[in-house]
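Peer 1: Whatever this is, show me its structure:
(2 chains)
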Amino acid sequence: MKNILLSSFAVCTFFLASAQENNPKNWGELHGNFQFDGQLYLRDTAIDPSGEFYPDERFLGQGYANLIYSNGPFRAGIRYENYQNVMLGFPPGFRGEGITYRFVQFTKDGLDITAGNFYEQFGSGMALRTYEERGLGYDNMFDGVRLIYSPINGLRVKALIGRQRIYFDNSAGIVRALDAEVTLNDMVAGLSTSKTRISFGGSFVSKFESANSPIFNLPENVALGGIRGQVLRGNFTALLEYVYKVNDPSADNGYIFRPGQSLLANFTYSTPGFGVLLGFKRVDNMSFRSERDGTLIEGLINFLPAISKVHTYALPSLYQYATQLNGEMGMQLEASYRVPRNSWLGGKYGADINMNFSAAYSIWKDPIPKTDTLNFVQNGYNTQWFKLGQVKYFQDLNIRWDQKLSKAVKMTLTYFNIQYNQSVILDGVKDEVLIANPSQIKMVYLNAGVAEFLFKIKPKHYLRTETQLLLTKQDRGNMAMLLFEYSISPHWFFSVQDIYNFGNPDPAFRLHYPLGSIVYVTGTTRFAFSYGRQQQGIFCVGGVCRVVPPSNGLGISVTSSF
Amino acid sequence: MKKIFAIAAFVALASHLNAQQLPDVKLKDLKGNTINSSEIKNEGKPMIVSFWATWCKPCLRELHAYMDLYPEWQEETGVILVAISIDDTRNSVKVGPMAVAEGWEYEVYIDENQDMKRNLGIVNIPHTFVLDGNGNIVWQHAGYSPGDEDYLYEIIKKVAAGEPIKE
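Peer 2: Below you'll find the model as predicted:
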């Protein structure tokens, strides 16, 4: 199958190329990119006394190249990937090399046809979303066929069938999906100038995976339906989406036959100088994979967006949240305000203030005793819609202050107060266990502050500094970090940083983690070299967080695109 | 063998290609409308297309840096700035409030499925393109370091004057 697609793809391209020969003005477009990352690992007995993280290969490297050609209604693309071997912290399922992505796409008579690999998203993705995050090793694209058609103005229908990528293979399960989206103002002529804009949509997704369990009568076909709507009027928007899934016993939910459902609601108000977002989410048993025994990032069909802020400063981002697929209740409030220029608070240049609060709990669970076998297998637990759950997963309050102090100095101050349930987010302990034994919950309470300054030294020369402090009595204890980054526009970056874990409960791990790097950019090509220690980190993707082991060594990264 | 064949086809094509343009894909505007990227035009005048995300600090540093200079750039060259967010649904809902609250005068779109990013071969953001008056990509740059705006403006002035660009 793969070969047939590849060769038909090649034939198409050749055919097109020769067809265009008489019209040399229209050769179409070719875009592509390339990335290679490698690291030479050095044995460091301080960060890794037993050597458990030290790779046998000493040097690990991985890379890929994409090419996408388009010419009017025709488009085709291909990607080669290679992992020799996969770097520490990435899913070890990526091993070897091959052509992982190839597709042809064309539009004819308003019908948009894709054959091969593709990425798709319905609504917010709670029903279906395939995407790639190369930096995290995440890619759940489809290999199949997709049709997109707009029969009338304001209506778009999508239909697809295919199997999802799991590392270098396709999933055992097949996914069939339909989606329709209506933009009312485009469909109804009288509404085209209305101040209120309304759009809504519906999705149906079904997966098939054969089953031969001796214990359970597992469903081979599992369906999911979803509806969504968006209303926009003046400065207000409201976005609502609800999905429901029939029984889908899986490794994630402990093979219970409970149906799943999820609701996402977001409201925003914005006016020049002020913006606010209020979000609410409830997830109940919504893991949806094309392989029922899939774990980690394997074969996820849908995407449940976390409603919390993404932190990028090194220390606070050690404690980031990921949606719990088996159930959670979450809310988020974010507000930003621009303090006017020449005001008492804002000074000569004004300032930006941003505040974000988010919290996530389990859903309320009344356990069903396992002795009540049928009830337990069918429902797993009883719940109440509007009652906050017994287990707190996460809470985050952060406030950022951005201000230009003078022509040459900019300042950003950020404060974080985070509560992080390590048992749930990292260790994956089930709610039932924690409800029964609350003393087992490993909660990390932390306060952190970051001061960032940007100094203009002279034209094109800038110095950026970050001073970070993270205080906690739990986990790895207190840490401090200092970073200096000197840049010369538009080509050079030089940076040095040190993280000092001075409060580690284990004195042997009160270590420094120095790291230096040099980056050279020319056009769209970037070379980066780094040398030093990296402390244990965390990657969160698709509702799953995984630990990136500590390492020491020489890193190299080359990216390029055209 | 067939793989080599396919790659060779690409290479054969690549050697004959025209100036690059933006691919035609579906984007969302801040009102939730789906638009074709081919509708994004600045008739005869240069255009900056900058890819960003709400969580990307260098991107915001870049867009903030342009903000003070933008009125002058527009006046001198007629350039417009199109800021395309690649935020996923976790954050795309924040794009509108952020753009409005910040008072950006840029045209802002959301590339939620990252079709545009993929079709342009973008690896990381920020990634900035300059298009000439005919919509041809004449310059692009990966990343942002403070001060790049001065360099960018030199490029835009040349494009507006119809001069060729050499990196």
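Peer 1: going forward, measure contacts between C-alpha atoms and count neighbours the same way
Peer 2: Will do.
Peer 1: Can you name the residues bridging to the spatially most central residue of chain B?
Peer 2: Nearest to the geometric centre of chain B sits B:Val49, at 2.1 Å (CA atoms, centre = their mean). Listed by DSSP bridges, the beta-bridge partners for B:Val49 are B:Val82, B:Phe129.
Peer 1: Let me know whether it touches B:Ile84 as I believe.
Peer 2: Yes. When contacts are counted by CA atoms under 8 Å, B:Val49 is listed as touching B:Ile84 (7.2 Å).
Peer 1: separation between the residue nearest to the centre of chain B and B:Gly78?
Peer 2: 14 Å (CA to CA, to the nearest Å).
Peer 1: Look up the closest residue to the residue in the stretch 301-450 of chain A positioned nearest to chain B, ignoring the ones flanking it.
Peer 2: As assessed by CA to the nearest CA, chain B sits closest to A:Pro305 within the stretch 301-450 of chain A, at 4.7 Å. Distances taken as CA to CA, 6 or more residues apart in numbering or on different chains put B:Arg90 closest to A:Pro305, at 4.7 Å, once the chain neighbours are dropped.
Peer 1: about what we covered before: list the contacts of the residue nearest to the centre of chain B.
Peer 2: For B:Val49, the contact set (CA atoms under 8 Å, 6 or more residues apart in numbering or on different chains) comprises B:Leu81, B:Val82, B:Ala83, B:Ile84, B:Thr128, B:Phe129, B:Val130, B:Leu131.
Peer 1: Pull the most distant pair out of those residues.
Peer 2: Between any two of the contacts of B:Val49, the greatest separation by CA to CA is 14.5 Å, found for B:Ile84 and B:Leu131.
Peer 1: which SSE is the residue nearest to A:Tyr349 when sequence neighbours are not counted in?
Peer 2: Leaving aside its sequence neighbours, A:Tyr349 sits nearest to A:Arg341 (CA to CA, 6+ apart; 4.8 Å). Assigning secondary structure by DSSP states H and E places A:Arg341 outside every helix and strand.
Peer 1: Ramachandran coordinates for A:Arg341?
Peer 2: Backbone geometry at A:Arg341, expressed as degrees, to the nearest 10, gives phi -60, psi 160.
Peer 1: Export the contacts of B:Val49 as JSON lines, with columns for neighbour count.
Peer 2: As requested, the contacts of B:Val49 are exported to JSON lines (neighbours: other CA atoms under 10 Å in any protein chain shown):
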{"residue": "B:Leu81", "neighbour count": "23"}
{"residue": "B:Val82", "neighbour count": "20"}
{"residue": "B:Ala83", "neighbour count": "23"}
{"residue": "B:Ile84", "neighbour count": "25"}
{"residue": "B:Thr128", "neighbour count": "24"}
{"residue": "B:Phe129", "neighbour count": "21"}
{"residue": "B:Val130", "neighbour count": "23"}
{"residue": "B:Leu131", "neighbour count": "25"}
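Peer 1: which of the residues you listed lies closest to A:Thr525?
Peer 2: B:Thr128 (12.7 Å).
Peer 1: who touches the closest residue to the closest one other than its chain neighbours in this structure?
Peer 2: Sequence neighbours aside, B:Ser50 is the residue nearest to B:Thr128 in space, at 4.4 Å (criterion: CA to CA, 6+ apart). By CA under 8 Å, 6+ apart, the contact set of B:Ser50 is B:Leu81, B:Val82, B:Ala83, B:Ile84, B:Pro126, B:His127, B:Thr128, B:Phe129.
Peer 1: could those be laid out in JSON lines, adding pLDDT?
Peer 2: Output for the contacts of B:Ser50, formatted as JSON lines (pLDDT from 0 to 100):
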{"residue": "B:Leu81", "pLDDT": "96"}
{"residue": "B:Val82", "pLDDT": "97"}
{"residue": "B:Ala83", "pLDDT": "97"}
{"residue": "B:Ile84", "pLDDT": "97"}
{"residue": "B:Pro126", "pLDDT": "94"}
{"residue": "B:His127", "pLDDT": "95"}
{"residue": "B:Thr128", "pLDDT": "96"}
{"residue": "B:Phe129", "pLDDT": "95"}
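Peer 1: And the helices in chain B?
Peer 2: Applying DSSP state H to chain B gives helices spanning B:2-14, B:57-77, B:92-102, B:115-119, B:148-160.
Peer 1: Among those helices, which comes closest to A:Gln320?
Peer 2: Between these, helix B:57-77 lies closest to A:Gln320; by CA to CA that is 16.9 Å.
Peer 1: What's the mean pLDDT across the closest one?
Peer 2: Helix B:57-77 carries an average pLDDT of 93.
Peer 1: Tell me which other helices or strands that helix touches.
Peer 2: strand B:47-52, helix B:148-160 (3 or more CA pairs under 8 Å, 6 or more residues apart in numbering or on different chains; DSSP states H and E).
Peer 1: Which strand residues bridge A:Glu452?
Peer 2: Beta-bridge partners for A:Glu452, by DSSP bridges, are A:Thr412, A:Glu466.
Peer 1: now the chain, which segments are flagged as low pLDDT?
Peer 2: If you meant another chain, say so; for now it's chain A. Confidence mapping of chain A against pLDDT under 70 gives the ranges A:1-25, A:540-545.
Peer 1: actually it's chain B I care about, not the one you picked
Peer 2: In chain B (pLDDT under 70), the answer is B:1-19, B:167.
Peer 1: For the stretch 51-200 of chain A, which residue gets nearest to chain B?
Peer 2: For the stretch 51-200 of chain A, CA to the nearest CA, closest residue to chain B: A:Ser124, 5.4 Å.
Peer 1: And for the closest residue to that residue other than its chain neighbours, the neighbour number?
Peer 2: Nearest non-adjacent residue to A:Ser124, counting by CA to CA, 6+ apart: B:Thr89, 5.4 Å away. By the criterion of other CA atoms under 10 Å in any protein chain shown, B:Thr89 has 20 neighbours.
Peer 1: Would you enumerate the residues in contact with B:Thr89?
Peer 2: Counting by CA under 8 Å, 6+ apart, B:Thr89 touches A:Ser124, A:Gly125, A:Pro305, B:Glu112.
Peer 1: what's around the last one, how many residues?
Peer 2: Counted with other CA under 10 Å, the neighbours of B:Glu112 add up to 23.
Peer 1: these two touch, right, it and B:Leu27?
Peer 2: Yes. Assessed by CA under 8 Å, B:Glu112 is found in contact with B:Leu27 at 7.5 Å.
Peer 1: Which helix or strand contains A:Gln474?
Peer 2: Going by DSSP H and E, A:Gln474 is not in any helix or strand.
Peer 1: roughly how far apart are it and A:Arg510?
Peer 2: Noted for A:Gln474: a distance of 14 Å to A:Arg510, by CA to CA.
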